[in-house]
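Q: this one's structure only:
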């Protein structure tokens, strides 16, 4: 193989057959050899599933969610996409990205946890048809109660006035974490949220491994992430002001709020709910699980 590569890039002395030379640098020779052998630089591809995925079932759920959204729009029912972003640490810690400033900004050379002055749990609620976002910055932990409190805050402080005659709300979630489809704690908290609103809640969850198709990811979170890029989150107020400045040319507006409620981890659903949950929850005939 080496001889084949060198043949087109070699010359020799007309008086001494033992003297030959090539115009290839060592790096160029190595690259051509690797290419001929079928080698090239490759990145790792996330393709191995950690669970069983039925593509036909997944497609049915996508079609169902699309139908529910169309029906909701025709009937004036609000469609709220709900999800949680990764936690943000407060303090003078290094962050990805850059921003405009009049001077150099200094941060620690490491992002160790003990250097942080606090933590934020950003939770988003995106009005699909209204193109409006509501970001709750929690100071506790991501639990089903935290998720429902964030929805309640978004609805009561921002979205309810835009849907004064709504008798139902369509909520879309990912299928895991605090709002997992099989979580009884989450279902009990949703029932309590429905009572709190005095409205029916229609819930649809995206199939496993499809969270990036949830509209909140590419309609809200990507713009919030860009606004937070390179910003030193040294306080709750700084984070709130940065999120509030999020907007797009298509009219997206974002309202931020601080949620300083303490949410308990490891909470289990009540024994009463275990006995009566079927009275409050009706599963859809299409992929009700």
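A: On my side now, so go ahead. This is a predicted model, so every value here is computed, not measured.

Q: For the closest residue to residue 32 other than its chain neighbours, which residues are in contact?
A: Leaving out its chain neighbours, the residue that sits closest to residue 32 by Cβ to Cβ, 6 or more residues apart in numbering is residue 5, at 5.0 Å. Quick note: C-beta positions are derived from backbone N, CA and C, even for glycine. Going by Cβ atoms under 8 Å, 6 or more residues apart in numbering, residue 5 touches 24, 29, 32-33, 36.

Q: Save those residues as TSV, and put in distance to residue 260 too.
A: Listed next are these as TSV, based on distance: Cβ to Cβ, whole Å:
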residue	distance to residue 260
24	66
29	63
32	62
33	62
36	63
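
Q: which of those count as buried?
A: Buried residues within the contacts of residue 5, counting neighbours by 16 or more other Cβ atoms under 10 Å: 24, 32.

Q: Columns distance to residue 205 and secondary structure on top of the contacts of residue 5, output as JSON lines?
A: Shown next, in JSON lines, are the contacts of residue 5 (distance: Cβ to Cβ, whole Å; DSSP: H, G, I helix; E, B strand; the rest coil):
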{"residue": "24", "distance to residue 205": "57", "secondary structure": "coil"}
{"residue": "29", "distance to residue 205": "55", "secondary structure": "helix"}
{"residue": "32", "distance to residue 205": "51", "secondary structure": "helix"}
{"residue": "33", "distance to residue 205": "51", "secondary structure": "helix"}
{"residue": "36", "distance to residue 205": "49", "secondary structure": "helix"}
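
Q: name the element the residue nearest to residue 32 belongs to?
A: Using DSSP states H and E, residue 5 sits within helix 2-7.

Q: Tell me which other helices or strands the next helix-or-strand element following that helix touches.
A: The helix or strand immediately downstream of helix 2-7 is strand 10-12, counting by DSSP H and E. Packing partners of strand 10-12 (3 or more Cβ pairs under 8 Å, 6 or more residues apart in numbering; DSSP states H and E): strand 20-22.

Q: I'd like the average pLDDT over the strand it packs on.
A: Per-residue pLDDT over strand 20-22 has a mean of 81.

Q: And for it, what's in contact with it?
A: So strand 20-22 is contacted by 6, 9-13, 29 (Cβ under 8 Å, 6+ apart).

Q: Direction included, what does that strand pair up with?
A: Using DSSP bridges, strand 20-22 pairs in its sheet with strand 10-12 (antiparallel).

Q: what's downstream of the helix or strand that contains residue 257, the next helix or strand?
A: Take DSSP H and E as the rule and residue 257 turns out to sit in strand 253-259. Counting by DSSP H and E, the next helix or strand C-terminal to strand 253-259 is helix 271-280.

Q: Which of the three states applies to residue 171?
A: strand (DSSP: H, G, I helix; E, B strand; the rest coil).

Q: Next secondary structure element downstream of the helix of greatest length in the chain?
A: Criterion DSSP state H: the longest helix present in the chain is helix 55-75. Next helix or strand after helix 55-75 toward the C-terminus (DSSP H and E): strand 79-84.

Q: could you give the angle of that following strand to helix 55-75?
A: Counting by axes from the mean of the first three to the mean of the last three Cα atoms, to 10 degrees, strand 79-84 lies at 130 degrees to helix 55-75.

Q: Remind me what the helix or strand following strand 79-84 packs against, helices and strands.
A: The helix or strand immediately downstream of strand 79-84 is strand 88-90, counting by DSSP H and E. Judged by 3+ Cβ pairs under 8 Å, 6+ apart, the packing partners of strand 88-90 are strand 118-127, helix 236-244.
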